[in-house]
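> need coordinates for the following:
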Amino acid sequence: MEDDIKALNLFNEKAEKLAQLSFTQIMFSQKTKVDMVYEAGKGFKVSRVGPGSENIDAIALTLRFFMQDREPSSIRNLSKIYERLSISQEIKDKFNKARISLNNYLDSESLIKIIFAGKSLTNRDILNTFMYGGLAHSNHKERYDEWMKSPIAPLFTNEFCAIVAEMVRIISFYIAKFNQLALEELAST
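Below is the predicted model of the structure:
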């Protein structure tokens with residue numbers, strides 16, 4: 001149980017960090033946008049206002065604590081912890097509802113429908129391409145590089161930022177609070 005408590009505390013520590021990063025401040029300030037301008041003979045020019053590459057790198061480094069199963073604080077590992085903790089079913093249900101909501105969001109099509117290689121991309125496709133193709137690993141490097149060379153690269157980046165912002169909202173404002181309730185309940189027994 002000591003390791004489970006450490007994992008809950010690590011999750012909350014990293015969730016607080018996510019909430020405080022400049023990436024999050026920029027995304028939640030609603031000062032983000034994508035402009036698409038068409039010029040005859042030149043085609044579309046796409047530009048983006050939002051978190052820069054340093055902001056994105058910083059959030060990706062922290063986000064991996066919630067995504068990679070070798071981290072005790074991954075959401076998948078937390079679901080196993082919640083199953084075995086002696087806490088109220090209400091807290092377990094709230095956690096599961098937030099986890100399911102996050103997974104449903106990640107498995108849904110992106111806000112702007114993007115078809116790549118004949119497949120409509122999900123939020124998870126975009127997240128994984130960025131995280132495992134350019135930011136934290138190189139498993140999807142070819143796809144990531146192709147996206148970044150395309151004229152709509154700012155659109156891909158904007159979608160990634162929006163997906164991460166939603167993840168931060170669920171992780172920092174919901175799951176971390178349920179963890180705190182679980183920790184308090186464990187401390188009182």
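> need the pLDDT of the closest residue to Ala153 other than its chain neighbours.
If the residues on either side of it in the chain are set aside, Ala153 comes closest to Trp147, at 6.2 Å by Cβ to Cβ, 6 or more residues apart in numbering. (Glycine included, C-beta is placed from N, CA and C.) On pLDDT, Trp147 comes in at 88.
> please report how far Trp147 lies from Ile59.
Trp147 is 18 Å from Ile59, where distance means Cβ to Cβ, to the nearest Å.
> look at the two and report which has more neighbours.
A count of neighbours by other Cβ atoms under 10 Å puts Ile59 above the other of Trp147 and Ile59, at 25 against 22.
> got the contact list for the more buried one?
Taking Cβ atoms under 8 Å, 6 or more residues apart in numbering, we find Ile59 in contact with 18, 21, 23-24, 51, 164, 168.
> likewise for Ile126?
By Cβ under 8 Å, 6+ apart, the residues touching Ile126 are 110, 114, 156, 159-160, 163.
> mind running it again at 7 Å?
110, 156, 159-160, 163 (Cβ atoms under 7 Å, 6 or more residues apart in numbering).
> let me know the next secondary structure element after the helix or strand it falls within.
Ile126 belongs to helix 123-130 when assigned by DSSP states H and E. Scanning forward in sequence from helix 123-130 by DSSP H and E, the next helix or strand is helix 141-149.
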